[in-house]
Each structure stands twice: as C-alpha cells, then as structure tokens.
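Peer 1: only the shape, not the letters, is given here:
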DNA sequence: CGGGGGCAGGCAATCGTCTGCATTGGTGGA
DNA sequence: TCCACCAATGCAGACGATTGCCTGCCCCCG
C-alpha cells in the first residue's frame, strides 16, 4: 500500500552510476564534479522515480538540520504572528523551517524549550524572549549556536539583533501630543526588565525634556506586563491621582486598550477628555473606536531581517555584529486630539485617516 | 570553544557498558531489559556528561521524526494563533514539534509546503486548508501519512477531523436575532468551496425555515474570501439592494468587521439600525465598538483535540475514524438589539455583558 | 615512447542510534 | 553430571546521504 521510499541508491541504480556520483550530481554545489551528461542522466532518473532526498539522513551526515528555533512569549499576542510569518517566509526561501516555542514569559519554560531546540539540533535561534542578562545567551555562545535577538536586546550590543528604534518612536508620540497642545502627558511604562519597556521609558523622559516639559513622576506608572489588564490597572491609578493629565502615551497597544477600558469605566471620552497613543500598530487596532493613534513599525520586516541575519551567521559570515534598528512611523488616527479648551490646531485627523509620515521629531 | 557533542558511546564508556546497553537503559520502553543497577549507572553517567540524545540520528534509525506538519491559510488570521498554540502545546507534551506552513489560500503554495513536509519526514499532518476534494488527501493516503482535518472537513467523513458544529452555531445566531424580533435577516456567506462557508450557509437556510421565516435570496450574498474587504463589499451590495434588512448574520467575524465598516460609511448605526452577529469570537473582537455579538467556539481546544487525534493515528490506533464536533456558544454583546420600532423584548445585554449559555436553538 | 597531470567516478568510512541475533554465565531439573 | 533455559549484555548491521581519498583513464608534452 505505502510506496517504498525511493533512496539515492535507487536513483543511482537507474542512472547506472555509483550512489556517490548520484549525490554529487543532485547537489548543485558539487554538480560540476560530474560530467554534464552523467548529471543529466541522474537528474532524469531522480525525476522519474520521484526521488526526494531524506533530510534526516542528510542532517545526520552534514550536521545541519536546516531548521532554526524561534522563541517568543506568546503567539496569541497579535504582535507576533506577522513577525513569525516574516521569519518563516525568509527561512523557507532558504530551505529552512522554524520551530516555534512559546515561553509565556516563564523562565523555566524558556529553558526547557531551549533544551528541546538543542536536542533537535537547530542550526540557530531567534530569541524574542530575552531578559536583560539572560543565561541562555552565554549557553548558546558556549555551544557555538548562532543567535539573533529580536524586539528586545541584550544589555550590550554584542549580538546581532533586530529591533525598532524605540526611543525615536516614543519621541514621535510625545512630539505629536505636544504639538496638539498637551503639556500634562502621562506614560504607562512597560516592564523595565525588558529592553523595550526600558527604552520607551527613557525615550519618554528625554522627549518630554526636549519639548521643555518636565516629566511628572505622578504621571508615570509602570506596568508589570504588556497586557490589557495591566493597562487598565495603571490607567485607573493615573485617574485616581487626579494629576490633570490630558494625554497618555502607552508603552504599547495592549496597555492602550486597557487605558480605553479604564476611561470608559470612568465615563471619560477619548480623545475629547484624554488623548491616547499606543505603540506597535497591532493588527486590527485600527478597528477600535476611536481608532488608536500609535507608532507603527514593520512587523513583518522585523521577522525577515531577523531571519536574514541568522542565516548569515549560520552560513558562517563572521563579520562585525549587525544591530538593526528599523524606523518607526507615527500613525495618527482618532484617539488623539487637542486638549479640552485648547485654541490650538484643529485635530489632525478623523477616524480612518491614512497614516502620516513621521512628524518633526528631531 | 564549542563543546564536543556527547554521544551515546561516551555515556556507555563512562558507565562501562556497551552502547547498546546504554541505549536500552536510557529508553523507558526497553529499560526492563537491563538490570536495575546497570541502568542506574548509565543514567548517572548520562546525567554527569549532560547527554542529550541526537534526535536526528534517532529519527534516521527509527523512521520517526517526532514532528508533524501543520498547514493553515495564514497565521495572521487571528483565528489561528490560539489553535496553533493548542496544537503545539499538546504536541510538546508528547515530545513532538509542529512545522507551520502558511498557504495563503494558494493551492500551489499548499502543494509545495506539502512536499517540504514530506521531505522532512513529518510523522503526520494537520490540515486546516483543505478544499473540498483536495488531491493532497489522496496523496497522503498513498503515502500512509496520518492526516487530521481541522476546521474544514472533506466531503465525506472518511478522515479524522475536528471542527465546530457550524450548523448549530448559525442556528443559535439566527434564533438570537429572531428572538429579538428580526424577520428580515441577511446572511453574508463565506466561500462555498470550503466546508465552513457551506455549512454555515446551509445552517442559515434551515434555521430561517425553522423559525418560519423564508430566506430571501435578495438578502444573501456570498463572499469570495473570509476577509474584511469582502465583508465590506458584500455589505455594501446588501445595502444597495435596499431590501429592508434589519440584521446581518455574517459568515465569520472578519466579514462582520467589514460589515461594520460598510454601515459606518452608510451612516447607519449598529445595532440601532442594523444588528450584526459574527462567528468565531476572534481575540479582541470584544474590543470593537460596539462589541460584536458572535458565536464562540473553543479555538485552543480545537488545536489540542486535533493534535490528540493525530497522535493517536501516529501511534497506530486504527480504530474507527473519529470526527469531532465541538459545541459552539452564543456570545451576546452590543452589536445585536431589537429592530427599530419593535415593541419586543428589551435588548438582552449591554456592552461587555458576559457570555450567555447557548440559547434555545432546537 | 614514457611520465606527469587532470578529470570522472568508484570505494568506503562516517554521522549517532537502535535492534535482531549471538554469546555469556548462571540456575534448575532430570 | 549434563543439558535446557533464562536473563543480561555484547556484536554488528542497518538507516540514507555525504565526502576524503584513491583509481582508472585519457591527453599532452618532452
């Protein structure tokens, strides 16, 4: 019933050559070691039999699995699907596949998955889960396992990584709000143990100062995680303090969603009472009411670039470490407007307005 | 620099046994062939050296890759991340990994990915992309490759599959709308080449009849794909026809989002002018304004069950084919209410109301 | 006419693990 | 005392592809 698997030996037999010759003929790298007509004969034989090389055997011999591990916090976070697709697409083009692992932010799970990946002899790793000073990095180095960081960075710049320019993104957000006339701008910061949370917090501080505004500690709350619940909790805190904030720059879109919920609950209107701006431009975030103004970055491209960098390391490119920062972009939608009673510029865009190229942020 | 990899031979040497014995001691299945104390010695040696079996070599020998292929249309469709996580989690518990492939609805891409999977000697496949009468199914059968269908079904019930009870789900939606007093209920049907689109369409027809309502062809539009754009196009068509519809049962949530956009554009309010109900209860769909009423089904569980079924087939369970239908559930949110001017029952729920157990749908 | 050189392709080892079969040593029964 | 038998372990051959090395063979030049 099941077809007997076709092996290299079968192909060789049909082409009347030694398996070794067949192997060489089939491999583009070594084809030139074989006479043109012989190679042709082998190729035909392979086609006729429907030969498919056994990747497993090949891997054993060449010590290349042509697979890479990808560790992310949670695929359910809408941020990741596009990134993962970027990775997978780029990898597929090079004959690689990705093994996805979800850590759920749990260090133990992360370690377990890491072991799993090693056992499967992945040729490299893309890590989106790294905490500042993660022990996995040292271990990967010891094992000579190429690693690329994504989205988050290690504390030094010693590893290839792809990330968005978080500082710059937040500056764009703050500039936008300040330009609308806001002065009491709050920040819901992400967790400070991960580089994105930290970078955006720093960006916020420096952007405020650059605009001659003093960041008020009363107006800064730090979330324990990038989640809707935490966004809500932090926003409630902010509202309770009653420090007169008219705009909120959230650490990411999830936190912004939580902020929406808190405003709703408090009977406040967005953007009439409080403007909100997010970060990431998650898929479907433009379908909220009001559509969320946010900082976009090219998710898919983060994935492709990360894969590209990793493939280069795997191929043995040993040049200087590349650290890529992709440019963020301000997307003005309906959640940001001038503060109540301001005689300033009119709201720059209604719902559904097209993205606006990056504003004057430096 | 790089650690020399620890092999079975190394472990055997340290434990002063033959590699074969070490192998048997390490494998729970065969451990009882080895004397207790010997096994213990081997285990200790393995632990001391940090031995990790080479999965590649093992696969070559046992012809089990401990990996399965998962073909889905597009990971960016929010429906899939939870399902994929379900699959991955269940598989991981059994020592398997998933290779994800995105077909983008393209038959050629699908075929290519299928070949890729076969080349990698996956032990089985989970297919969420099957078109009615897909040739891949025959091919998998020829290759003795276990297959589980997900979300969509083949036209006969000859393959293990996991799916939601679509007919019943739509009946629940229609019952809900009819119960609110709607009689002019439209349906935006999904593509009829895939079983979900077809089943929901049929469910709609029969549900209407069950409520003594005649389904008006004027009020039924078929989308070419489950996308926002198509939902918008179909809704516009519906509104142009001006056939007096007061409620729309969309083939899925994406189509419903498109419907929102079309209503917006036409200056109509939901649910005051037109009620809308979706299908799937996608993540974040409850954050729309108004929050979308919809039919929920347990995404994650679809994934775990599919993985479970596949693992059973892989393990050689050869019993009767299981076809699983998971129960849908009506989730009433803010997008459905009584038709304008109806003196009927008050709207059953405001925004954010909790899910309501399945209504009287039969 | 002899030897050097280069091209094609064959030979065989190897990657690390598993497993059918052979071998050992010990035990119990006739 | 001898043999049959069992349990525990060793042996060696796969699994399928790759690759360093070697052998022919032909050609060219001296």
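Peer 2: In hand now; what should we look at? This structure is a prediction, so every number in the text was calculated from the model and none was measured. Residues are numbered from 1 along each chain as shown, chains lettered A, B, ... in the order given.

Peer 1: contact partners for residue A:235?
Peer 2: Listed by CB atoms under 8 Å, 6 or more residues apart in numbering or on different chains, the contact set of residue A:235 reads A:188, A:221, A:248, A:258-259, A:261-263. For every residue, glycine as well, the C-beta is placed using N, CA and C.

Peer 1: that one sits in which helix or strand?
Peer 2: Remark: residue A:235 resides in helix A:228-241, with elements defined by DSSP states H and E.

Peer 1: now that helix: buried residues?
Peer 2: A:228, A:230-236, A:238-239 (16 or more other CB atoms under 10 Å in any protein chain shown).

Peer 1: most widely separated two among the residues you listed?
Peer 2: A:228 and A:239 (16.3 Å; CB to CB).

Peer 1: the residue nearest to residue A:284 when sequence neighbours are not counted: how many residues sit nearby?
Peer 2: Residue nearest to residue A:284 in three dimensions, not counting chain neighbours: residue B:284, with 5.9 Å by CB to CB, 6 or more residues apart in numbering or on different chains. The number of residues packed near residue B:284 is 18, by other CB atoms under 10 Å in any protein chain shown.

Peer 1: please apply the same query to residue A:68.
Peer 2: Per other CB under 10 Å, the neighbour tally for residue A:68 reads 27.

Peer 1: from residue B:241, how far out is it?
Peer 2: 52 Å (CB to CB, to the nearest Å).

Peer 1: find the nearest non-adjacent residue to the residue in chain A that chain B sits nearest to, please.
Peer 2: Residue of chain A nearest chain B, by CB to the nearest CB: residue A:289 (3.1 Å). Sequence neighbours aside, residue B:289 is the residue nearest to residue A:289 in space, at 3.1 Å (criterion: CB to CB, 6+ apart).

Peer 1: and what of residue A:329?
Peer 2: Nearest one to residue A:329, counting by CB to CB, 6+ apart, is residue A:296 at 4.6 Å.

Peer 1: which stretches in chain A count as helices?
Peer 2: Under the criterion DSSP state H, helices of chain A are mapped to A:8-15, A:19-26, A:36-49, A:55-62, A:80-93, A:107-119, A:135-142, A:166-180, A:195-210, A:228-241, A:253-266, A:299-314.

Peer 1: hey, least reliable of those by pLDDT?
Peer 2: Mean pLDDT per stretch puts helix A:135-142 lowest among the helices of chain A, at a mean of 87.

Peer 1: next, count neighbours for residue A:217.
Peer 2: Using other CB under 10 Å, residue A:217 has 8 neighbouring residues.

Peer 1: also residue A:94?
Peer 2: Using other CB under 10 Å, the number of residues around residue A:94 comes to 14.

Peer 1: quick check: it vs residue A:68, distance?
Peer 2: Distance from residue A:94 to residue A:68, counting by CB to CB: 10 Å.

Peer 1: list residues touching both of these two?
Peer 2: Residues touching both residue A:94 and residue A:68 (CB under 8 Å, 6+ apart) are residue A:307.

Peer 1: ok, and of the buried residues of helix A:228-241, which contact DNA strand C?
Peer 2: Among those, no residue sits close to DNA strand C (CB under 7 Å from any atom of the strand).

Peer 1: near chain B, which residues of the stretch 51-200 of chain A show up?
Peer 2: A:52-57, A:59-60, A:65, A:74-76, A:78, A:80-82, A:84-85, A:88-89, A:92, A:97-102, A:115-116, A:118-121, A:142-144 (CB under 8 Å from any CB of the partner chain).

Peer 1: show me how to select, in PyMOL, the buried members of those.
Peer 2: Buried residues among those (16+ other CB under 10 Å), as a PyMOL selection:
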select buried, chain A and resi 52+53+54+55+56+57+59+60+65+75+76+78+80+81+82+84+85+88+92+97+98+99+100+101+102+116+118+120+121
